[in-house]
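Engineer: Curious how this folds, go ahead:
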Amino acid sequence: MVTAKRTGQGQTTMQGLSGILMLSAWGFVIVICSFAFMYAGYWIDRALNTAPSFMLGLFMLALFLCVGRLYQEAWLKRKR
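Structural biologist: Sure, this is the predicted structure:
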């Protein structure tokens, strides 16, 4: 991979593209974590016979944790 220092318009274009790439990656992470936690909750609910309690609880936990990490990363990038 060739790395070159860009100035002017090229640099702002690359910064914009990296922001879009970061958001799409975080969207993917939120979806995957949500489904993984919901699936784990489903299996716990099945084992304990507790309707959708753990499934919904773990789903909300996954959303909260992923969005919190996204906010934390955005806050740190804003300060740079």
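Engineer: gap between the helix or strand residue 57 falls within and the chain center?
Structural biologist: Per DSSP states H and E: residue 57 is located in helix 53-79. How far helix 53-79 lies from its chain's middle: 7 Å, per C-alpha atoms, centre = their mean, to the nearest Å.
Engineer: Would you mind pulling up the elements that that helix packs against?
Structural biologist: With contacts defined as 3 or more C-beta pairs under 8 Å, 6 or more residues apart in numbering; DSSP states H and E, helix 53-79 has these neighbours: helix 9-48. For the C-beta atoms, the positions are set from N, CA and C on the backbone; glycine is no exception.
Engineer: Using PDB, write down the CA coordinates of stretch 70-79.
Structural biologist: Written as PDB, here are the backbone C-alpha positions of stretch 70-79 (Å, rounded to 0.1, in the frame of the first residue of the first chain):
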ATOM      1  CA  LEU A  70     -19.700   4.800  18.900                       C
ATOM      2  CA  TYR A  71     -20.400   8.000  20.800                       C
ATOM      3  CA  GLN A  72     -17.100   7.600  22.700                       C
ATOM      4  CA  GLU A  73     -15.100   7.100  19.500                       C
ATOM      5  CA  ALA A  74     -16.800  10.100  17.900                       C
ATOM      6  CA  TRP A  75     -16.100  12.200  20.900                       C
ATOM      7  CA  LEU A  76     -12.400  11.300  20.900                       C
ATOM      8  CA  LYS A  77     -12.100  12.000  17.100                       C
ATOM      9  CA  ARG A  78     -13.800  15.300  17.600                       C
ATOM     10  CA  LYS A  79     -11.100  16.500  20.000                       C
END
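Engineer: Report the buried residues of it.
Structural biologist: residue 70 (16 or more other C-beta atoms under 10 Å).
Engineer: Let the chain start at 10 from now.
Structural biologist: Yep, numbering from 10; the last one is stretch 79-88 now.
Engineer: which residues touch it?
Structural biologist: The contact list for stretch 79-88 (C-beta atoms under 8 Å, 6 or more residues apart in numbering) reads 31, 35, 39.
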